[in-house]
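Peer 1: Curious how this folds, go ahead:
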Amino acid sequence: MRAIITGITGQDGAYLAKFLLTKGYEVIGVTRGYDNNYWKLRYLNIFNSMTIEQCDLMDFACIVNLIKKYNPNEIYNLSAQSSVALSFEQPIGTIQYNLGAVLNMLEAIRMVNPEIKFYQASSGEMYGKVERLPIKENTAFNPISPYAISKVAAHMTVNSYRNSYGILGCCGILFNHESFLRSEGFFMKKIIGEAVLIKKGKRDKLTVGNIDIKRDFGFAPQYVEAMYLMMQNKKLDDYIVCSGKSYSLRSVIAYVFDKLGIDENRIVIDKQLYRPAEITDIYGDNSKVKDELGWEYDMNFYDVLDIIIDEELNFGRDNK
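Peer 2: Residues are numbered from 1 along each chain as shown. Below you'll find the predicted structure:
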């Protein structure tokens, strides 16, 4: 089996590559060409076990050539402008890239080899503010950020190609999933990284925005296993991947600070960091992916935090 993974330098790309390699796959990781930060792949000790290719996903000819060169069985699209906060600052670029790249890949598959299976990384952010929780696959989308809008558009495009052209596409609707490999700009990585620096005497305080909101958090290495299971199913479909519980950001910070022995007076709330629009609470129902695909997940997020904190203390910013 041969798989192409876009977004290979990200958290999910790295963990998925490692998982597929254990399954005997040949893995081709795709970067945009200017992103040569491979520390996550080296951290997982897989950099030399895979092939790295540069390809601009907004360049249709580049994607066609990539597919013709490797003739993969599966393509996992994990590439995106994935910061909700940044999407408010760069709405045009976010929507153009997150939709355009998917459209280019689907059309290239349709033209070159319609038997290639395609996985799209959708997001729990697509549901936005809902009236009833937990969120299920048939809950109506109500995106409130440019990022969420781009993900809805890409998600519906995959569905259209599956239904209209018979393309073997599926979407994993992942809610927040964290790990030590999370990029620095994400909230969970920020609070743990900054808290560790405070613990080491290298920072004085943690500055945050609205922490009176709740999110469904899980552990990234186990979430990528659900991606693989979706692609092995005879009937490709869309699945929510989540923990089924929500945790307030305030409680997460309190846990991290208590774990590290830091006084909570080091926390500073800055209303300038509030987003223009915010989801108060969100969590999903993972029964479909568990019942139909046999995905297993029962981790408490505080146990996940223990794992991330330990790695950050031993391998964090000062140790890379």
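
Peer 1: so who does Tyr25 touch?
Peer 2: When contacts are counted by CB atoms under 8 Å, 6 or more residues apart in numbering, Tyr25 is found next to Met1, Arg2, Ala3. From N, CA and C alone the C-beta is placed, and that goes for glycine too.

Peer 1: Neighbour-wise, which one of those residues leads?
Peer 2: The residue in the contacts of Tyr25 with the most neighbours, by other CB atoms under 10 Å, is Ala3 (26 neighbours).

Peer 1: Contacts made by the helix or strand of the chain with the lowest mean pLDDT with the rest, please.
Peer 2: Across the helices and strands of the chain, the lowest-confidence element by mean pLDDT, DSSP states H and E is helix 84-89, at a mean of 90. The contact list for helix 84-89 (CB under 8 Å, 6+ apart) reads Gln81, Thr94, Glu125, Ser145, Pro146, Tyr147, Ala148, Ser150, Gly185, Arg275, Pro276.

Peer 1: Show me what counts as buried in whichever helix or strand comes after it.
Peer 2: Using DSSP states H and E, the helix or strand that follows helix 84-89 towards the C-terminus is helix 91-112. Neighbour counts over helix 91-112 (16 or more other CB atoms under 10 Å) mark 94-95, 97-109, 112 as buried.

Peer 1: May I see the buried residues of the least confident helix or strand of the chain?
Peer 2: Within helix 84-89, the residues scored as buried using 16+ other CB under 10 Å are Val84, Leu86, Ser87.

Peer 1: Tabulate these (TSV), appending distance to Gly24.
Peer 2: What follows is the buried residues of helix 84-89, written out as TSV (distance: CB to CB, whole Å):
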residue	distance to Gly24
Val84	36
Leu86	37
Ser87	37
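
Peer 1: For the stretch 101-250 of the chain, which segments count as helices?
Peer 2: Assigned by DSSP state H, counting those that start in this stretch, the stretch 101-250 of the chain shows helices spanning 146-165, 187-199, 220-232, 249-260.

Peer 1: Run the chain-centre distance for the longest one.
Peer 2: When C-alpha coordinates are averaged (CA atoms, centre = their mean, to the nearest Å), helix 146-165 and its chain have centres 17 Å apart.

Peer 1: just the angle between it and helix 91-112, please?
Peer 2: Orientation check (axes from the mean of the first three to the mean of the last three CA atoms, to 10 degrees): helix 146-165 against helix 91-112 gives 20 degrees.

Peer 1: Repeat that for the third one.
Peer 2: Comparing the axes of helix 220-232 and helix 91-112 via the same axes, to 10 degrees yields an angle of 40 degrees.

Peer 1: related to what we said a few turns ago, a markdown table for the helices of the stretch 101-250 of the chain, including distance to Val268, mean neighbour count and mean pLDDT?
Peer 2: Below are the helices of the stretch 101-250 of the chain laid out as a markdown table (distance: least, CB to CB, whole Å; neighbours: other CB atoms under 10 Å; pLDDT from 0 to 100):
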| stretch | distance to Val268 | mean neighbour count | mean pLDDT |
| --- | --- | --- | --- |
| helix 146-165 | 26 | 20 | 98 |
| helix 187-199 | 11 | 20 | 94 |
| helix 220-232 | 28 | 21 | 98 |
| helix 249-260 | 11 | 17 | 96 |
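
Peer 1: quick one, which of the ones you listed is nearest to Phe315?
Peer 2: helix 187-199 (10.7 Å; CB to CB).

Peer 1: who touches that closest one?
Peer 2: Contacts to helix 187-199, defined as CB under 8 Å, 6+ apart, come from residues 176, 178, 182-184, 203-206, 208, 217, 249, 252-253, 256-257, 260-262, 266, 305, 308-309, 312-313, 316-317.

Peer 1: Dump it to PDB, keeping only the CA atoms.
Peer 2: The C-alpha trace of helix 187-199 is given here as PDB (Å, rounded to 0.1, in the frame of the first residue of the first chain):
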ATOM      1  CA  PHE A 187      -4.100  27.300  22.500                       C
ATOM      2  CA  MET A 188      -3.300  24.100  24.200                       C
ATOM      3  CA  LYS A 189       0.300  24.100  23.100                       C
ATOM      4  CA  LYS A 190       0.600  27.700  24.100                       C
ATOM      5  CA  ILE A 191      -0.700  27.300  27.700                       C
ATOM      6  CA  ILE A 192       1.400  24.200  28.400                       C
ATOM      7  CA  GLY A 193       4.600  25.600  26.800                       C
ATOM      8  CA  GLU A 194       4.200  28.900  28.500                       C
ATOM      9  CA  ALA A 195       3.400  27.200  31.900                       C
ATOM     10  CA  VAL A 196       6.600  25.100  31.600                       C
ATOM     11  CA  LEU A 197       8.600  28.200  30.900                       C
ATOM     12  CA  ILE A 198       7.100  29.900  34.000                       C
ATOM     13  CA  LYS A 199       7.900  26.800  36.000                       C
END
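
Peer 1: and the angle for it with helix 249-260?
Peer 2: Calculated by the same axes, to 10 degrees, helix 187-199 forms an angle of 30 degrees with helix 249-260.
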